[in-house]
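Novice: sequence plus the predicted model coming up.
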Amino acid sequence: MRSQSRIAFYLLLTPLVLWLGLLIVIPHIDMLLISLRERISFGVYDRSLLQYEKALTEPLYLRTFARTAVMSILATAITLIIAFPVAYYIAKMAKGRLQQVLFLLCLIPFYVSELVRTFGWMILLRETGIVSNLLQWTGLADQPVELLYTDATMMVGLVYTSMLFMVVPLVTTLESLDDSVIEAGYDLGGNGFSVLREIIIPHAMPGIVSGCIVVFMLSLGNYLTPTMLGGKDSLWFTEMIYNQFIVRSNWELGAAFGFMLLVLSSVIVWGMLALTGRTLKETMG
Amino acid sequence: MTKTLLMASTLLAGLAGAAQADTLRLLTWGGYAPEDVVAMFEAETGHTVEVTLSNNEEMIAKLRATGGGGFDLAQPSQDRVMGPQMEFGIYKPMDVSKLNQDLFIPSMLKATMANTTVNGDVYGVPHVWGTSGLVLNTAEAGDVVKDYTDLCAPEVAGKVSYRLKRPTLIGFAFAMGEDPFAAYGDEAKYREIMEKVEAKLTECKANVKTYWGGGDELMNLVRSGEVTASMAWDTGGWKLNDDNADITFVAPASGALGWIDTFVLPAKGQSDDAAYAWINFVMQPEVAAKITAAAGNFTASAGADEFAEAGLKAKYQASFPPEAVDNIKWYPPVPAGLEAIEGEVLDRVQAAN
């Protein structure tokens, strides 16, 4: 009986191990090896740390790296600020059908692909686009307004793209909060702010942290939105990785960049957990 | 009875044909393998064609990732054959005797073969050629922009777009009076030229609306009037000319940049015969004219001009007076190492404020 359940366990485990091993672990080991070599001449390579040295000494790469990290954190924060009231309304104030409809409304933009959504934003915001024409029609602007190709536009795109991934975990955790606990808070003399701070936010913390982690990862790894909405000054780190691999055929530096991004996201996620005093286990499970 | 026999024999013939027929996996550019040409080829030879659309960089990256596998025929530009072959060995030598060489324009065939020869083996033959230069709304920017560097003029500020890719670097270098192609063999000299270009492009950045990435993106920008002057391919300008007669392709004063897209055999290609058959098929003048109509560019097929559409020929002659044709700067093969220099310059320009 025991050995049978053990066989079943291994059988169930196999797909996961194969998936992780073949698609994630082995390619990453290969990438690591590529990042640790240097081109000597045609087809001749040597082990070296040159790529990391280059990546860490060239100000441009470091600046892009830092910029990507800071903008991703900012996008995560904005998403949280916008998503929290939305999630609270869906979970606590809306009842029955309305609740379902609102939840569905959050989901609907994700029925189309990211590319289409980004093009949608471009159609709205371009100089000859809908918003620009509307502003001129209402007389708020006397000439075409270019709203694309700025950091703010890029931020709008990033927040829009990741909104759902913040709303869902927040709604789930907030729904599990008993209304009577909030009432008790008011009965004991709390005001709106202290109830939010002492009761609601602590209860929603697992949702906040897991939502933040997902949104941060999505923003950091986003390629389309920064490239299409960001314009001439927006160099995103993923774009640099693509450039090194595809445009410059410099796989060595590209692989080094890839590993830097992996380390960065791990460190920031770890930092987020440490800052909120949570473990990965509590958050995810 | 006779009907059944006939059907059975057709079926058998079909099977026999299928046994010899191959699948040709073609890695090419948009418009180089139009559906009607593919259908004609499939009907004539029995081979099937699978078309994958790509660009220079992605073609090489794809072939490099598989060691030259996954495709039977690819079409990188002629300057991207020698370097990648020496570096990664992703192509295999071409047996030119299997091609009907009479179908090619002799001078173009000879030049491409010379440019794609590694260790005495020929790796490429020419297919489609064209140029890149300026696409202008001549009514608004025609008087100001005569050369690449004029894109930085204050009159067109905020109405300019170009790509952050190597053609821009090369074009600006020529317009600044340098000869980057002559410096291909001299890394120090080349770096010096590129640094000058970098300074110019950084200074020019304020003028640029956005750096375009794909052809359609640029077309939208120019068509909507948001951009009046840009660096682009000749075909882009000619296509826009159909919608708005003011917009057209202009060969810059310092010379348009000429490219030739080739046919090469990937190292692990599995149906070389089908590949040779495809090359011989599409180089026939009538077929080549169909490709010209679809891609908008002329081919290296001898005599295809006769079959080309009159409108396109007229646009070509308007953009290229004879002296502009002589002034076309053809890309020589890129030596290894230079692209790393260019890459750093492009990254710095994009990140500059």
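Specialist: All right, it came through fine. Numbers count the residues shown, from 1 in each chain, chains lettered A, B, ... in the order given.
Novice: alpha carbons only for contacts and neighbour counts from here, please
Specialist: Will do.
Novice: tell me which parts of chain A are close to chain B?
Specialist: Proximity of chain A to chain B, by CA under 8 Å from any CA of the partner chain, involves residues A:41-43, A:60, A:64, A:127-128, A:149, A:231-235, A:245-250.
Novice: try it again at 10 Å.
Specialist: Contact residues, chain A versus chain B (CA under 10 Å from any CA of the partner chain): A:41-44, A:58-61, A:63-64, A:126-129, A:144, A:146, A:148-149, A:227-236, A:240, A:243-251.
Novice: buried members of these into ChimeraX, please.
Specialist: A single ChimeraX command selects the buried members of the residues of chain A next to chain B (16 or more other CA atoms under 10 Å in any protein chain shown):
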select /A:60,61,64,126,127,128,129,144,146,148,149,227,228,229,230,231,232,233,234,235,236,240,243,244,245,246,247,248,249,250,251
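Novice: can you tell me which of the residues of chain A next to chain B are in helices?
Specialist: Among the residues of chain A next to chain B, the members falling in helices (DSSP state H) are A:59, A:60, A:61, A:63, A:64, A:227, A:228, A:229, A:230, A:240, A:251.
Novice: just flag the most distant two among the residues you listed.
Specialist: A:229 and A:251 (26.6 Å; CA to CA).
Novice: pLDDT added to the ones in helices among the residues of chain A next to chain B, as a markdown table?
Specialist: Below are those laid out as a markdown table (pLDDT from 0 to 100):
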| residue | pLDDT |
| --- | --- |
| A:59 | 86 |
| A:60 | 85 |
| A:61 | 89 |
| A:63 | 89 |
| A:64 | 90 |
| A:227 | 88 |
| A:228 | 87 |
| A:229 | 90 |
| A:230 | 85 |
| A:240 | 90 |
| A:251 | 89 |
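Novice: nearest to residue B:115, of these?
Specialist: residue A:251 (25.7 Å).
Novice: now the closest one: closest residue in space that isn't a chain neighbour?
Specialist: residue A:245 (4.9 Å; CA to CA, 6 or more residues apart in numbering or on different chains).
Novice: contact partners for residue 225?
Specialist: You didn't pick a chain, so chain A it is. A:114-115, A:117-119, A:121, A:153-158, A:161, A:219, A:236 (CA atoms under 10 Å, 6 or more residues apart in numbering or on different chains).
Novice: my bad, chain B
Specialist: A:127, A:128, B:137, B:140, B:159, B:219, B:247.
Novice: got the buried residues for the helix or strand where residue A:172 lies?
Specialist: Element membership for residue A:172, per DSSP states H and E: helix A:151-175. Within helix A:151-175, the residues that count as buried by 16+ other CA under 10 Å are A:151, A:153-159, A:161-171, A:173-175.
Novice: quick check: phi and psi on residue B:25?
Specialist: phi -90, psi 110 (degrees, to the nearest 10).
Novice: my guess is it meets residue B:270, correct?
Specialist: Yes: with contact defined as CA atoms under 10 Å, residue B:25 and residue B:270 form a contacting pair (9.1 Å).
Novice: who touches both of the two?
Specialist: Common neighbours of residue B:25 and residue B:270, counting by CA under 10 Å, 6+ apart, are B:70, B:71, B:72, B:73.
Novice: what's the burial count for the third one?
Specialist: Other residues lying near residue B:72 total 24 when counted by other CA atoms under 10 Å in any protein chain shown.
Novice: next: the first one.
Specialist: For residue B:70, the number of neighbouring residues by other CA under 10 Å comes to 18.
Novice: next: the last one.
Specialist: The burial metric for residue B:73, expressed as a neighbour count using other CA under 10 Å, is 27.
Novice: count the residues that sit near residue B:318.
Specialist: Quick note: residue B:318 (other CA under 10 Å) scores 14 neighbours.
Novice: which SSE is it in?
Specialist: Applying DSSP H and E, one finds residue B:318 within helix B:310-319.
Novice: show me the helices in the stretch 201-350 of chain B, by range?
Specialist: Taking DSSP state H, counting those that start in this stretch as the criterion, the stretch 201-350 of chain B contains helices spanning B:215-223, B:234-243, B:272-282, B:285-295, B:310-319, B:322-326, B:338-351.
Novice: of all those, which lies closest to chain A?
Specialist: helix B:338-351 (6.0 Å; CA to the nearest CA).
Novice: quick one: that closest one near chain A?
Specialist: Yes: contact of helix B:338-351 with chain A (CA under 10 Å from any CA) involves B:339, B:340, B:341, B:342, B:343, B:344, B:347, B:348, B:349, B:350, B:351.
Novice: most surrounded residue in these?
Specialist: residue B:349 (23 neighbours).
Novice: for that residue, what are its contacts?
Specialist: Here residue B:349 is in contact with A:60, A:232-233, B:164, B:197-205, B:343 (CA under 10 Å, 6+ apart).
Novice: sort the residues you listed by pLDDT and name the bottom one.
Specialist: In terms of pLDDT, the weakest of the contacts of residue B:349 is residue A:233, which scores 76.
Novice: pretty sure that one is touching residue B:164, no?
Specialist: No: using CA under 10 Å, residue A:233 is not in contact with residue B:164; the gap is 11.8 Å.
Novice: shared neighbours of those two, which are they?
Specialist: Joint contacts of residue A:233 and residue B:164 (CA under 10 Å, 6+ apart) are B:210, B:211, B:349, B:350.
Novice: before we move on, back to that, filter the contacts of residue B:349 down to the buried ones.
Specialist: By 16+ other CA under 10 Å, these give A:60, A:232, A:233, B:164, B:197, B:198, B:200, B:201, B:202, B:204, B:205, B:343 as buried.
Novice: which residues touch the residue in the stretch 101-250 of chain B positioned nearest to chain A?
Specialist: Proximity of the stretch 101-250 of chain B to chain A (CA to the nearest CA) peaks at residue B:210, 5.0 Å away. Residue B:210 sits next to A:148-149, A:228-233, B:158-164, B:218, B:221, B:227 when contact means CA under 10 Å, 6+ apart.
Novice: how does it look with 6 Å?
Specialist: Listed by CA atoms under 6 Å, 6 or more residues apart in numbering or on different chains, the contact set of residue B:210 reads A:231, A:232, B:161.
Novice: isn't the first one up against residue A:149?
Specialist: Yes: using CA atoms under 6 Å, residue A:231 is in contact with residue A:149, at 3.9 Å.
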